[in-house]
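S.K.: build me a model from this:
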Amino acid sequence: MAVNDVELFPSFVWGEASGLTAQGNEPDKAQDRLWSVLTFIAKNARPRGLLGQMKRAGPLVNADEADNYTRMKMVVKKVVEEKYDGPALPQQAALWQIDANSRPLFDPSDAGRAPPSWIFQESTRQAGEFSSKAGLRYRLFEMVDPPADGRLGYVSSYSLTGLTIRTWTVPRKMRIAAWVIGIAASILFVLGCILATGTGRIDGTVRWQMSSTGFQYDIVRNLADICVSDQKLFPNWKRRACSFLEDGSGKYVIPATVKTAAPAAPASNPQATSESQSPVDDAPASTEAKNDVKEFGDKVGEAIQLIRKCLNVGIAAPPDDTKTDADAATTANDAASCELIARSAGNLVPIKAQTSFLDSVVATIIGVKNVAGTRSILLQLFCATLGIAGLAIALGLGTKGRVDGIWIDERNRVSLARAQVTLWTIVALGGFATIALFNVGLGAPTSFPQIPASIAAALGIAFASPMISALILNSRGLEDVTTIGASKRDTKDFSDRGSFLAAPSTALDARDDPTEASIADVFMGEQVADSAYVDISRLQNVVLTVTLVLGYFAMLTEQLRAIAPDSILTGLVHLPDPGAAFTAVLLVSHATYLGTKVYKTTPGSGEADG
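M.R.: Purely as a prediction, here's the structure:
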């Protein structure tokens with residue numbers, strides 16, 4: 001054999017046998033026998049192109065197995081160089097798990113997990129017993145007869161080599177149901193978006209009327225009354241928008257000529273708007289001035305310019321650090337003036353009452369009533385959020401065959417982290433899409449609402465927490481590792497694997513297929529030893545997450561069930577902000593959860609193997 005065979009075959013022998021310890025009166029002989037058999041199998045498989053079916057180990061070896069690795073290479077070299085002087089090596093072999101009574105373990109209902117029939121023949125030789133790190137027992141069976149053409153000649157329930165592993169697929173009915181639900185959910189989400197845009201467009205016709213001089217004059221007259229009333233309540237109160245009313249003493253006074261003039265006819269009476277009216281049925285269609293405002297004096301033109309700026313551009317931005325104190329004060333005054341103008345204009349905006357059957361159903365479900373003179377887009381919010389939720393359900397059915405399939409991870413457990421990310425995505429994204437499309441239809445100065453720092457932090461924590469959790473779990477088992485050959489860990493290193501008939505007690509809990517996952521997994525421990533016990537930190541995390549998600553959804557519904565007329569003119573500029581306390585509770589919850597996980601996966605903690 002070529003010299004490279006001496007370097008090649010040890011990786012396959014170690015891939016098949018690492019982690020096993022020989023038992024019996026002569027363990028060294030049994031160990032050498034296993035390595036020799038595996039080398040002979042690999043040697044015969046290579047010219048037939050079957051060597052790739054054997055497991056190949058990477059260059060990392062646990063420190064406690066370094067001596068065995070060196071001795072194994074010497075055994076391999078003897079067989080490769082044909083210097084092996086032990087009993088004749090078999091053409092076929094099987095390493096199979098046995099029970100306490102030394103009987104082979106297998107699942108009779110699954111042919112892919114059954115041992116080869118020849119191990120039960122009288123001519124079969126039993127060459128030794130071995131124990132895995134998990135305490136599972138295996139026996140080596142040898143057969144003199146060569147394997148059939150195209151067969152490796154080796155089967156192992158330890159490495160799963162030569163076995164047809166059962167694979168689970170989503171039933172066809174589930175896939176069809178997933179498509180139906182997915183299409184329906186997509187339609188529902190699009191419908192919610194269309195309704196939100198349409199509602200905004202209907203209300204947005206009022207913004208078109210802002211270009212009407214008559215409408216702006218009405219705002220001036222309404223503004224004058226508000227300015228005078230507010231200054232009576234707060235004598236030192238000042239606003240740039242009210243400066244046209246100021247007399248020599250700094251007080252806001254409506255001129256006598258205006259008081260004696262006929263009052264301006266409002267665009268409509270919001271409280272008297274009938275159910276059949278559109279939001280602008282009674283608004284003026286003419287662009288001519290209904291009332292002249294020259295009686296207010298020369299400064300009224302400045303107020304008109306500020307009205308047009310505020311209603312067409314939006315509320316002035318808050319001051320920033322680059323501005324001088326004078327600029328900051330002016331900007332703050334303009335922002336407050338724009339709010340005042342929006343309030344004045346809002347009193348002239350009629351709002352149609354929500355009386356449709358679906359609107360009433362949504363209001364009944366959440367236990368609220370529509371507020372007269374305000375706009376509700378709860379129906380749009382429910383369509384958007386239910387559409388996203390339905391899409392998540394469809395993806396779960398299509399990939400895992402379960403309604404909660406999107407929460408099932410690669411270990412076929414219901415993942416707490418996946419559930420958290422999904423819930424926050426449904427609520428936050430549903431609210432964002434509804435508000436954004438309402439603003440787009442409205443033609444508001446700011447189409448896309450600002451995301452509060454607390455909600456951005458919630459989404460960030462929800463996405464970062466599972467990554468940190470994975471790092472904590474993956475750190476387990478990396479201690480006492482020696483690098484062989486000073487190269488990186490091979491993805492085909494199977495030295496830490498377990499049996500498919502019984503999982504090792506130190507492993508992470510895993511299931512054979514998604515049907516074995518349970519919603520209770522979000523409360524239970526993640527390792528085999530504690531998978532049947534409730535993890536208090538996970539219970540706390542679940543309760544707090546549900547509380548915060550429902551609380552924020554309630555804030556969304558409160559914001560969108562009664563949109564004031566002034567908000568209709570300016571648009572909804574941000575999502576509800578739950579505040580710093582919200583972020584603090586969420587952060588503490590995840591910190592406690594991750595801290596508990598670190599403790600449980602730290603050697604010497606008393607629960608390291610749990």
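
S.K.: quick one: secondary structure of the residue nearest the centre of the chain?
M.R.: Geometric centre of the chain, nearest residue: V421, 2.7 Å, by C-alpha atoms, centre = their mean. Here V421 is helix, with the state taken from DSSP: H, G, I helix; E, B strand; the rest coil.

S.K.: excluding its backbone neighbours, what's nearest it?
M.R.: Nearest non-adjacent residue to V421, counting by C-beta to C-beta, 6 or more residues apart in numbering: A462, 4.9 Å away. For glycine as for every other residue, the C-beta is placed from the backbone atoms N, C-alpha and C.

S.K.: ok, that neighbour - contacts?
M.R.: Neighbour list for A462: A417, Q420, V421, W424 [criterion: C-beta atoms under 8 Å, 6 or more residues apart in numbering].

S.K.: redo these as TSV? Include distance to S123 and pLDDT.
M.R.: Formatted as TSV, the contacts of A462 follow (distance: C-beta to C-beta, whole Å; pLDDT from 0 to 100):
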residue	distance to S123	pLDDT
A417	54	82
Q420	59	85
V421	58	85
W424	64	88
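
S.K.: among the residues you listed, which two are most distant?
M.R.: The largest separation in the contacts of A462, counting by C-beta to C-beta, is between A417 and W424 at 11.1 Å.

S.K.: mind checking what helix or strand follows the helix or strand bottoming out on mean pLDDT in the chain in sequence?
M.R.: Among the helices and strands of the chain, strand 481-483 carries the lowest confidence by mean pLDDT, DSSP states H and E, at a mean of 40. Following strand 481-483 in sequence order, the next helix or strand is helix 536-561 (DSSP states H and E).

S.K.: could you pull out the strands in the chain for me?
M.R.: Taking DSSP state E as the criterion, the chain contains strands spanning 21-22, 60-62, 92-98, 125-131, 137-143, 154-156, 481-483.

S.K.: return the member of these having the minimum mean pLDDT.
M.R.: Lowest mean pLDDT within the strands of the chain: strand 481-483, at a mean of 40.

S.K.: ok, now how distant is the nearest residue to F463 once chain neighbours are set aside from H574?
M.R.: Setting aside the residues directly before and after it, F463 is nearest to V421 in space (C-beta to C-beta, 6+ apart), at 6.1 Å. Going from V421 to H574 by C-beta to C-beta, to the nearest Å gives 23 Å.

S.K.: V144 now?
M.R.: 79 Å.

S.K.: could you do L245 as well?
M.R.: L245 sits 32 Å away from H574, going by C-beta to C-beta.

S.K.: higher neighbour count, these two?
M.R.: Set side by side, L245 and H574 show more neighbours around L245, with 24 against 14, by other C-beta atoms under 10 Å.

S.K.: show me what contacts the nearest residue to that one once chain neighbours are set aside?
M.R.: Leaving aside its chain neighbours, L245 sits nearest to Y252 (4.1 Å; criterion: C-beta to C-beta, 6+ apart). By C-beta under 8 Å, 6+ apart, the contact set of Y252 is A224, C227, V228, Q231, C242, L245, E246.

S.K.: can you give me the pLDDT of Y252?
M.R.: The model's pLDDT for Y252 equals 86.

S.K.: tell me what it is bridged to.
M.R.: Beta-bridge partners recorded for Y252 (DSSP bridges): E246.

S.K.: export the strands of the chain to JSON lines and tack on mean neighbour count?
M.R.: Shown next, in JSON lines, are the strands of the chain (neighbours: other C-beta atoms under 10 Å):
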{"stretch": "strand 21-22", "mean neighbour count": "17"}
{"stretch": "strand 60-62", "mean neighbour count": "19"}
{"stretch": "strand 92-98", "mean neighbour count": "23"}
{"stretch": "strand 125-131", "mean neighbour count": "18"}
{"stretch": "strand 137-143", "mean neighbour count": "21"}
{"stretch": "strand 154-156", "mean neighbour count": "24"}
{"stretch": "strand 481-483", "mean neighbour count": "13"}
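
S.K.: quick one: which of those strands is nearest D509?
M.R.: D509 sits nearest to strand 92-98 of all the strands of the chain, at 19.7 Å, using C-beta to C-beta.

S.K.: residues in contact with that closest one?
M.R.: With C-beta under 8 Å, 6+ apart, strand 92-98 has contacts from 16-17, 34, 37-38, 41, 104-106, 115-116, 118-119, 129-130, 136-143, 145-147, 153-159, 499, 501-502.

S.K.: swap the cut-off to 6 Å and go again
M.R.: 37, 104-105, 115-116, 119, 136-143, 147, 153-158, 499, 501 (C-beta atoms under 6 Å, 6 or more residues apart in numbering).

S.K.: next, the angle strand 125-131 makes with it.
M.R.: 40 degrees (axes from the mean of the first three to the mean of the last three C-alpha atoms, to 10 degrees).

S.K.: distance from the chain centre to strand 92-98, please.
M.R.: 44 Å (C-alpha atoms, centre = their mean, to the nearest Å).

S.K.: tell me how far the nearest residue to L397 once chain neighbours are set aside lies from G405.
M.R.: What sits nearest to L397 in space, not counting adjacent residues and going by C-beta to C-beta, 6+ apart, is A178, at 3.8 Å. Counting by C-beta to C-beta, the separation of A178 from G405 is 9 Å.

S.K.: re the thing from before, nearest to P47, of the strands of the chain?
M.R.: If you check each of the strands of the chain against P47 by C-beta to C-beta, strand 154-156 wins as the nearest, at 15.4 Å.

S.K.: give me the sheet partners of that closest one and which way each runs.
M.R.: strand 92-98 (parallel).

S.K.: correct me if wrong: G192 contacts L381.
M.R.: No. G192 lies out of contact with L381 (C-beta atoms under 6 Å); the separation is 7.4 Å.

S.K.: about what we covered before: tell me who's in contact with the residue nearest to L397.
M.R.: By C-beta under 6 Å, 6+ apart, the contact list for A178 reads A394, L397, G398.

S.K.: same deal with D5?
M.R.: Contacts here follow C-beta under 6 Å, 6+ apart; on that basis D5 touches V80.

S.K.: how near is it to G86?
M.R.: Distance, D5 to G86, by C-beta to C-beta: 19 Å.

S.K.: what about the nearest residue to P87 once chain neighbours are set aside, how many neighbours?
M.R.: Using C-beta to C-beta, 6+ apart and skipping the chain neighbours, the partner closest in space to P87 is R33 (7.9 Å). Counted by other C-beta under 10 Å, the residues lying close to R33 total 20.

S.K.: what about R33, distance to I98?
M.R.: Counting by C-beta to C-beta, the gap from R33 to I98 is 17 Å.

S.K.: and G200, by the same measure?
M.R.: 71 Å.

S.K.: then F12?
M.R.: 24 Å.

S.K.: what about Q420, neighbour count?
M.R.: 27.

S.K.: tell me the pLDDT of the residue lying closest to E65 once chain neighbours are set aside.
M.R.: In space, and not counting its chain neighbours, E65 is closest to S18: 6.5 Å by C-beta to C-beta, 6+ apart. S18 is assigned a predicted lDDT (pLDDT) of 90.
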